[in-house]
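J.: what follows is a predicted structure for the sequence shown.
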Amino acid sequence: MSRDINDNAASTPIMSVGALSRRSGISVSAIHFYEREGLIRSTRNAANHRRYSRASLRVLAIIKAGQRAGLPLSEIRTALTPALTGKPLNREEWQRISESWRDDLTRRIRVLEQVRDQLAGCIRCGCLSHELCVLFNPADRAAAEGPGAQGLEPVPVDDMPREG
Ligand code: FES
């Protein structure tokens, strides 16, 4: 079979939403949601029922992968733009999508690592200060002096409340 014949077979709308749900493992309501959000398309048959192509299975798999990676739907939609013509995504298109997602994930991981490291200074601090806390105040110059609220005066031992 030539590539064109495969593409035509894959893009022919044949599946009901129930069949697509069973084969993809994605609920009917989620498929309808993705369709409303413009991530997947169907056509109507003579009885006005939605029909989906086999290529929709790959699109749904990519949506799931993108969601597992924590990507917003808007970004997944952008990546899937070539698939919205009804043409099945090919290997090169998936490589392009996965590369762009890898770069985005790398950037997100860096941001999360930075937040995690900044959070270390807040542990057991609890000042919630917009002036002193690096999480509330990312441009905090006092953060260079060490973790925690650097601007707070230490409480002298004699002033600490006594137990009992
Ligand atoms: S809560 Fe973040 S430094 Fe105090």
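T.: Received, thanks. Numbers count the residues shown, from 1 in each chain.

J.: make it CA atoms for all contacts and neighbour counts henceforth
T.: Will do.

J.: from the ligand, how far out is the closest residue to Arg50 other than its chain neighbours?
T.: In space, and not counting its chain neighbours, Arg50 is closest to Arg44: 4.6 Å by Cα to Cα, 6 or more residues apart in numbering. Between Arg44 and the ligand the distance is 56 Å, computed by Cα to the nearest ligand atom, to the nearest Å.

J.: flag every residue of the chain that's near the ligand.
T.: Contact residues, the chain versus the ligand (Cα under 6 Å from any ligand atom): 121-122, 125-128, 132-135, 148-149.

J.: could I get those residues as a markdown table with pLDDT, neighbour count and secondary structure?
T.: Listed next are the residues of the chain next to the ligand as a markdown table, based on pLDDT from 0 to 100; neighbours: other Cα atoms under 10 Å; DSSP: H, G, I helix; E, B strand; the rest coil:
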| residue | pLDDT | neighbour count | secondary structure |
| --- | --- | --- | --- |
| Gly121 | 81 | 18 | coil |
| Cys122 | 85 | 17 | coil |
| Cys125 | 84 | 12 | coil |
| Gly126 | 80 | 11 | coil |
| Cys127 | 84 | 14 | coil |
| Leu128 | 79 | 14 | coil |
| Leu132 | 79 | 21 | coil |
| Cys133 | 83 | 26 | coil |
| Val134 | 77 | 24 | coil |
| Leu135 | 78 | 19 | coil |
| Gly148 | 58 | 22 | coil |
| Ala149 | 58 | 22 | coil |
